[in-house]
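K.L.:
Fold the following.
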Amino acid sequence: MKRHICFLSLLLLPLSSLAKLPPNPVVESCLAFESVSPRVTLVEFSGPEMISDDAMRGYSTFAYEYGGKRVGYASSTKKSTDLVIIGNKSSPISKAKSIDGARPEKLEPAKADFGIVRYGSRNYLCVSSNFDGIGRSGSFQNVRMGYILPIGKSAGKGLPELYFSVRDIRAFEWKTRGK
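P.N.:
Numbering: from 1, shown residues only. The predicted structure is shown next:
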């Protein structure tokens, strides 16, 4: 009996980690930087961005004001990892959990799109880019990367787990539905 319980718990462990991933409509809406489902709302950050070299020691920050907090991306001026930031908390991109197996990469925040993806009662910070402008011409412009961070109450001092994805947006279902 104990063997069966251990075996079942080992099988269910990977399923429980998958349950924490952002839903696919959130990932696709972030990467396409538009809603791909009627259940998803994307709110693009507007207004003046704040660019600062002294807000965080060793980083150049590119951020917006959202909900009374600074929200954005911090590029390392040394050899440290870049960060996704909300208020006084940050998540290193090197620790981002890959959704599709791609390795997290630095991005150029001034060329990225920033916003909030709402799905049901959950909000996610979305930072989406097409690889520092490399994809701004030709078919590569359809390949986008994005960082997705669940927003809300988090346990402990840090932020919830940061996720990373790279996909070709031409493959998204909404493209074939005549949207």
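K.L.:
What separation is there between the closest residue to Leu125 other than its chain neighbours and Glu44?
P.N.:
The spatially closest residue to Leu125, leaving aside those adjacent along the chain, is Leu149, at 4.3 Å (CB to CB, 6 or more residues apart in numbering). The C-beta positions use only the backbone N, C-alpha and C, and glycine is treated the same way. Leu149 sits at a distance of 16 Å from Glu44 (criterion: CB to CB, to the nearest Å).
K.L.:
go on, Pro38?
P.N.:
Distance check for Pro38 against Glu44: by CB to CB, it reads 18 Å.
K.L.:
what about those two, which has more around it?
P.N.:
Glu44 (12 against 7; other CB atoms under 10 Å).
K.L.:
If I look at Ser76, what pLDDT would I see?
P.N.:
Among the per-residue scores, Ser76 shows a pLDDT of 94.
K.L.:
partner residues bridging it?
P.N.:
For Ser76, the beta-bridge partners under DSSP bridges are Tyr59.
K.L.:
List the residues that contact it.
P.N.:
Counting by CB atoms under 8 Å, 6 or more residues apart in numbering, Ser76 makes contact with 58-59, 82-83.
K.L.:
Thanks a lot, see you next time.
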